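*Asks:* when you get a sec, could you give me coordinates for this:
(chains A and B)
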Amino acid sequence: MSRILLCVSLLVLLCGCKREQRQFTAPPSTYKSYQVVMSDIHPGSAGLPQPVRNQSDERAYDTSQGKQLFIQYNCAGCHFNGGGGIGPPLMDAQWIYGDTPENIYATIVEGRPNGMPSFREKIPDSQVWQLAAYVRSMSGQLRKDVEPGRNDDMNSRRSEQRTEEKTPKRTTPGSNR
Amino acid sequence: MSGGIQSALNPAGPNAGSLARLWWLMFWVNAVVYVLVMIALVIAIRKGTRQKDLNPVLNISSKTETRRRNVVLSAVVVTTLVLFMFLIYSFSTGRSLTADIANKNGLSIEITGRQWWWEVRYNDVDASNIFTTANEIHIPVGVPVLFTLRGGDVIHSFWVPNLAGKKDLIPGKISTQWLQADKPGVYRGQCAEYCGLQHARMAFWIVADTQEQFNAWRQNQTQTSVSPATDSQRRGQQVFLSSSCVMCHAINGTTAGANFGPNLTHVGSRNTIAAATLSNTREHLSRWIADSQQFKPGNKMPQNNLGQADLYALVDYLQSLK
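*Replies:* Numbers count the residues shown, from 1 in each chain, chains lettered A, B, ... in the order given. Predicted structure coming up:
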């Protein structure tokens, strides 16, 4: 009996390994452009573009790094701590340019109208993916064990881990709330 | 007892001097009072408790009663007088610190406290003489200088013990502080209000120069940055302008113009980097750029994964910015 219990608990422990993975040497930066999915209707026969899997979405280290980069690259200068101000809020369910990892990547790398600058070749690729993972965690869209569990600085809101998951809604600029 | 580059007991200017005088007056008066109280205590203990004092019956003669009352009364009067003297002296010292004498001189420096460094801006009526630097403040000797203090993010406090008392930098509020250095020298300042993870490593230097040295320094600081002279420096400038450096730092005379981090136009001329945490050497600079978090965990400079050749070229360029 105790042997079975031991095996089960070891198996359960294995599940935790994924969140602890990290990439120690970042590959050289490459910048791809991804198509933003604004609608389910798509011209031509090719169908919708294939979604990209962001490995950082599954790694606790990466989302925590993303959280630090969010302050260090002064994303908080416009988006504040997620509540928005000069830029749109990131902790709510409204997404103007898409909520998928490749959409967020494109938003950061290419910039968006009405103020979002392009950070192409300024922020290394690996850090962009970490930021993209963190941005999704702000509205609770990642696994709970991966999302940052506490705020390092001011406690302006609940940590990402304690933020309830919000179902993404598409919206157009100016129409949110 | 006196000495040290970060000590209020080693005043180097009139502002800190009057504070030190107030401190020593309070120290000696209190020392005398302490000794007198201890003597009185020892006498009382040695006399011991007499048997008749334990008896609550009022058998004290009216003569003893009067004597004791006079002792207590005179002690209260002396205490009150001493405290009033302190009050008046401390008030007049406070008035002399806030006096508006610095305005006549015209040298006005604007300090903005940021997590965790000091932005220093030299104002001037002539706009071409205005420049911004960080963490190293040069002032001429013998002239009162007016500091305008602002909080950039959270509350900090500006404190150069050898020259003046503390003054808080509060976001949304402009405070002023004047100070004057009477002898040339280097004085260390420190943030004196807890402001986050790296509060302890948020220091700065005040360099008191002679008027000629100061003028030369200032003349150099108002210039735009020097152009890179060697191939390595040219490559370094290219690295600076095409990586994440430009997102936060400014180098006047190039396209880099951000003001989230310290202005690096003359970074090579500074003695320290990272808010007086590290001496400005090649090794420190390159290790700081690659991974500043190992020196000041939590600071707002991200890690930079540059190749070694690019990193060394960048350090060459930054060190050439005298």
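
*Asks:* CA only for contacts and neighbour counts going forward, please
*Replies:* OK.

*Asks:* do stretch B:307-322 and chain A meet at all?
*Replies:* No: interface with chain A: stretch B:307-322 contributes nothing (C-alpha under 8 Å from any C-alpha of the partner chain), its closest point being 9.7 Å away.

*Asks:* pull out the buried positions in that stretch.
*Replies:* B:310-321 (16 or more other C-alpha atoms under 10 Å in any protein chain shown).

*Asks:* okay, and which of the residues you listed map to helices?
*Replies:* With DSSP state H as the criterion, helices contain B:310-320 from among the buried residues of stretch B:307-322.

*Asks:* could I get those as CSV with pLDDT?
*Replies:* Converted to CSV, these look like this (pLDDT from 0 to 100):
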residue, pLDDT
B:Asp310, 92
B:Leu311, 93
B:Tyr312, 94
B:Ala313, 95
B:Leu314, 95
B:Val315, 95
B:Asp316, 94
B:Tyr317, 95
B:Leu318, 95
B:Gln319, 94
B:Ser320, 94
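
*Asks:* closest to chain A among those residues?
*Replies:* B:Asp310 (13.4 Å; C-alpha to the nearest C-alpha).

*Asks:* check contacts around the residue nearest in space to the middle of chain A.
*Replies:* Central residue check for chain A by C-alpha atoms, centre = their mean: the C-alpha nearest the mean position is that of A:Ala133, 2.4 Å away. By C-alpha atoms under 8 Å, 6 or more residues apart in numbering or on different chains, the residues touching A:Ala133 are A:54, A:56-57, A:62-63, A:66, A:101, A:142.

*Asks:* compute the first-to-last residue distance for stretch A:130-147.
*Replies:* End-to-end distance for stretch A:130-147: 12 Å, by C-alpha to C-alpha, to the nearest Å.

*Asks:* all helices of chain A, in order?
*Replies:* According to DSSP H, the helices that chain A contains are A:2-15, A:17-20, A:60-72, A:76-79, A:101-110, A:125-138.

*Asks:* any idea which of the ones you listed is most buried?
*Replies:* Mean neighbour count, computed with mean count of other C-alpha atoms under 10 Å in any protein chain shown, is highest for helix A:125-138 among the helices of chain A, reaching a mean of 25.

*Asks:* got JSON lines for the ones in helices among the buried residues of stretch B:307-322, with distance to A:Leu11 too?
*Replies:* As requested, these are exported to JSON lines (distance: C-alpha to C-alpha, whole Å):
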{"residue": "B:Asp310", "distance to A:Leu11": "46"}
{"residue": "B:Leu311", "distance to A:Leu11": "45"}
{"residue": "B:Tyr312", "distance to A:Leu11": "48"}
{"residue": "B:Ala313", "distance to A:Leu11": "50"}
{"residue": "B:Leu314", "distance to A:Leu11": "49"}
{"residue": "B:Val315", "distance to A:Leu11": "49"}
{"residue": "B:Asp316", "distance to A:Leu11": "53"}
{"residue": "B:Tyr317", "distance to A:Leu11": "54"}
{"residue": "B:Leu318", "distance to A:Leu11": "53"}
{"residue": "B:Gln319", "distance to A:Leu11": "55"}
{"residue": "B:Ser320", "distance to A:Leu11": "58"}
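
*Asks:* what parts of chain A come near chain B?
*Replies:* A:26, A:69, A:71-74, A:121-123, A:153.

*Asks:* just the buried members of those residues?
*Replies:* Neighbour-count burial (16+ other C-alpha under 10 Å) applied to the residues of chain A next to chain B gives A:69, A:71-74, A:122-123.

*Asks:* may I ask which two of these are separated the most?
*Replies:* For those, the maximum inter-member distance is 15.5 Å, found between A:Ile71 and A:Lys122 (C-alpha to C-alpha).

*Asks:* pLDDT weak spots in chain B?
*Replies:* Residue ranges of chain B with pLDDT under 70: B:1-2, B:48-60, B:99-106.

*Asks:* counting contacts, what elements does the lowest-mean-pLDDT helix or strand in chain A pack onto?
*Replies:* In chain A, the helix or strand scored least confidently by mean pLDDT, DSSP states H and E is helix A:17-20, which has a mean of 77. Contact here means 3 or more C-alpha pairs under 8 Å, 6 or more residues apart in numbering or on different chains; DSSP states H and E; on that basis helix A:17-20 packs against helix A:60-72.

*Asks:* let me know the average pLDDT across the helix it packs on.
*Replies:* In this model, helix A:60-72 has an average pLDDT of 92.

*Asks:* can you list contacts of it?
*Replies:* A:19-22, A:56-57, A:76, A:127, A:130-135, A:137, A:145-148, B:300-302.

*Asks:* and that helix, how far from the chain's centre?
*Replies:* Here helix A:60-72 is found 10 Å from its chain centre; the criterion is C-alpha atoms, centre = their mean, to the nearest Å.

*Asks:* orientation of it relative to helix A:125-138 in degrees?
*Replies:* 90 degrees (axes from the mean of the first three to the mean of the last three C-alpha atoms, to 10 degrees).

*Asks:* return the residues of the stretch 101-250 of chain B in contact with chain A.
*Replies:* Applying C-alpha under 8 Å from any C-alpha, one finds that the stretch 101-250 of chain B approaches chain A through B:196, B:242-244, B:247-248.

*Asks:* now, those that are in strands?
*Replies:* Among these, no residue falls in strands (DSSP state E).

*Asks:* report the secondary structure state of B:Thr112.
*Replies:* Reduced to three states with DSSP: H, G, I helix; E, B strand; the rest coil, the structure at B:Thr112 is strand.

*Asks:* count of neighbours near it?
*Replies:* Using other C-alpha atoms under 10 Å in any protein chain shown, the number of residues around B:Thr112 comes to 23.

*Asks:* repeat that for B:Ile289.
*Replies:* B:Ile289: 19 neighbours (other C-alpha under 10 Å).

*Asks:* so who does the closest residue to it other than its chain neighbours touch?
*Replies:* With C-alpha to C-alpha, 6 or more residues apart in numbering or on different chains as the criterion, B:Ile289 has its nearest non-adjacent residue at 6.4 Å, and that residue is B:Asn304. The neighbourhood of B:Asn304, defined by C-alpha under 8 Å, 6+ apart, consists of B:289-291.

*Asks:* turn the residues you listed into TSV, including secondary structure.
*Replies:* Listed next are the contacts of B:Asn304 as TSV, based on three-state DSSP:
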residue	secondary structure
B:Ile289	helix
B:Ala290	helix
B:Asp291	coil
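
*Asks:* wait, which of the residues you listed is closest to A:Gln161?
*Replies:* Distances from A:Gln161 to the contacts of B:Asn304, taken as C-alpha to C-alpha, are shortest for B:Asp291 (27.7 Å).

*Asks:* isn't that closest one right up against B:Pro302?
*Replies:* Yes: if you go by C-alpha atoms under 8 Å, B:Asp291 and B:Pro302 touch, sitting 7.4 Å apart.

*Asks:* compare neighbour counts for those two and give me the winner.
*Replies:* It is B:Pro302, of B:Asp291 and B:Pro302, that has more neighbours when counted by other C-alpha under 10 Å, with 21 against 16.

*Asks:* show me what contacts the more buried one?
*Replies:* A:69, A:72-73, B:291-293.

*Asks:* next one: B:Thr254
*Replies:* B:Ser225.

*Asks:* same thing but at 6 Å, please
*Replies:* Contact analysis of B:Thr254 by C-alpha atoms under 6 Å, 6 or more residues apart in numbering or on different chains lists nothing.

*Asks:* before we move on, what about the one 3 residues further on?
*Replies:* B:Gly257 makes contacts with B:Ala250, as judged by C-alpha under 6 Å, 6+ apart.

*Asks:* quick one: it and B:Ile111, what's the gap?
*Replies:* For B:Gly257, the distance to B:Ile111 equals 19 Å [C-alpha to C-alpha].
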